[in-house]
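Chemist: below is the sequence, then the predicted model.
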Amino acid sequence: MGFLYLFLLLASIGCMVALDHRFRLFFFADARRAASVTAIGLVFFLLWDLGGIGLDIFYRGETPIMLGIVLAPHLPVEEVFFLGFLCYLTMVLFGLVSLVLNRAGKRSSSSRQEAEQ
């Protein structure tokens with residue numbers, strides 16, 4: 001059962017990949033730019049976590065659904081996958097909102113053009 005949290009994180013990332021692939025929201029729109037943005041976000045949040053751990057703000061909670069492997073004191077391996085998921089989710093949501101707004105803008109402009117004719 002120690003792999004459950006990591007498995008659920010990977011399954012969630014898989015769902016984001018499917019959504020991204022279907023609508024070409026982030027990685028499937030521009031893989032090079034997406035990889036850069038994700039790497040920068042992941043490094044930022046890892047540094048944030050390490051700073052919080054160093055200041056005794058963040059602690060690792062012990063649960064039976066985690067592997068128990070730590071990369072640094074109070075930094076479980078699952079945290080890296082969670083932070084990657086967080087970055088990916090944010091960018092997929094940004095792409096989805098942009099897609100919806102673009103489609104809504106196209107509809108309103110086509111409706112305006114039809115009304116003018």
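Modeler: That came in fine, so what should we check first? Numbering: from 1, shown residues only.
Chemist: Phe44 in helix, strand or coil?
Modeler: Recorded secondary structure, Phe44: helix (DSSP: H, G, I helix; E, B strand; the rest coil).
Chemist: which strands or helices does the strand or helix carrying Leu6 pack on?
Modeler: Counting by DSSP states H and E, the element that carries Leu6 is helix 4-23. Packing partners of helix 4-23 (3 or more C-beta pairs under 8 Å, 6 or more residues apart in numbering; DSSP states H and E): helix 77-116. All C-beta spots, glycine's among them, are computed from the backbone N, C-alpha and C.
Chemist: tell me which residues in the helix it packs on are buried?
Modeler: Going by neighbour count (16 or more other C-beta atoms under 10 Å), the buried part of helix 77-116 is 78-85, 87-89, 91-92, 95.
Chemist: rewinding a little: what's in contact with the helix holding Leu6?
Modeler: If you take C-beta atoms under 8 Å, 6 or more residues apart in numbering as the criterion, helix 4-23 is touched by 25-28, 63, 65-67, 77-78, 81-82, 84-85, 88-89, 92, 95-96, 99.
Chemist: just for the protein, where's the confidence low?
Modeler: The chain contains residues with pLDDT under 70 at 111-117.
Chemist: the most centrally placed residue in the chain and Ile53, how far apart?
Modeler: By C-alpha atoms, centre = their mean, the chain has its centre lying nearest to Tyr88, at 2.2 Å. Going from Tyr88 to Ile53 by C-beta to C-beta, to the nearest Å gives 23 Å.
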